[in-house]
Each structure stands twice: as structure tokens, then as C-alpha cells.
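Student: have a look; sequence and predicted model below, questions after that.
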Amino acid sequence: MVTKEHLHELVDQLPECNWPMAERVLLRLNGDVSSLVEALARAPVDDEPLSPDEEASLLRTREDLAAGRGIPHEELRRRLGL
């Protein structure tokens, strides 16, 4: 069984260079998504061109949305149990 004492021991053994990563993980586990948002904001822009399959899929998706065949956000959350 995991105890707080054991977790504290593991943290005490972490090299200082891993402290920032440990902080991000612990914040995320505690429900703080600000570090995730910051990481996404710093991420490089994906400038890789789309493949023909990706372009076709994107076109079908846009057509579905334009025709009203999308799933409302709240319905999707309900289906996923969120």
C-alpha cells in the first residue's frame, strides 16, 4: 500500500533537475491544469502538411458539421461519462 510517508521519501530522493517535472505531475494530479495550458502555449506550431487521407477526413468532418451531423459538447461529455 502506498503511504504519504513513502511518497515523501520518493520526493526526497529526486534529483533537483527533476523537481520541475515532479511539480507539474503533482499539480496535474491535484486538478491544476495551468501547467498543461502553459506547456501547450509554448509548444511549437505543427506546420507539417496534411496527408491526402487527413485532408479527406477533414473535408468529411466539415461536411458533417455543416449538415448538422455533429454531437453537441454536453452529449459527448455524457457519453464519455464526464
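Tutor: Alright, I've got the coordinates. Just so you know, these numbers come straight off a predicted model, no measurement behind them.
Student: for the strand or helix carrying His6, the averaged confidence score.
Tutor: Assigned by DSSP states H and E, His6 belongs to helix 4-13. Taken as a whole, helix 4-13 has an average pLDDT of 93.
Student: the residue lying closest to Ala22 once chain neighbours are set aside and Leu76: what is the separation?
Tutor: Spatial nearest neighbour of Ala22, chain neighbours left out: Leu14 (5.7 Å); criterion: Cβ to Cβ, 6 or more residues apart in numbering. In this view, the C-beta of every residue, glycine as well, is placed from N, C-alpha and C. Between Leu14 and Leu76 the computed distance is 38 Å (Cβ to Cβ, to the nearest Å).
Student: tell me who's in contact with the most centrally placed residue in the chain.
Tutor: Of all residues in the chain, the one closest to the mean position by Cα atoms, centre = their mean is Leu36, 7.1 Å from it. By Cβ atoms under 8 Å, 6 or more residues apart in numbering, the contact list for Leu36 reads Arg24, Arg28.
Student: just after the strand or helix carrying it, pick out the following helix or strand.
Tutor: Per DSSP H and E, Leu36 falls inside helix 34-42. Using DSSP H and E, the helix or strand that follows helix 34-42 in sequence is helix 52-66.
Student: so how far is the helix or strand of the chain with the lowest mean pLDDT from its chain's centroid?
Tutor: Least confident helix or strand, the chain: helix 34-42 with a mean of 80, by mean pLDDT, DSSP states H and E. The chain centroid and the centroid of helix 34-42 are separated by 10 Å under Cα atoms, centre = their mean, to the nearest Å.
Student: domain parsing for this structure?
Tutor: Here the domain parsing of the chain from automatic domain parsing is 4-42, 51-82.
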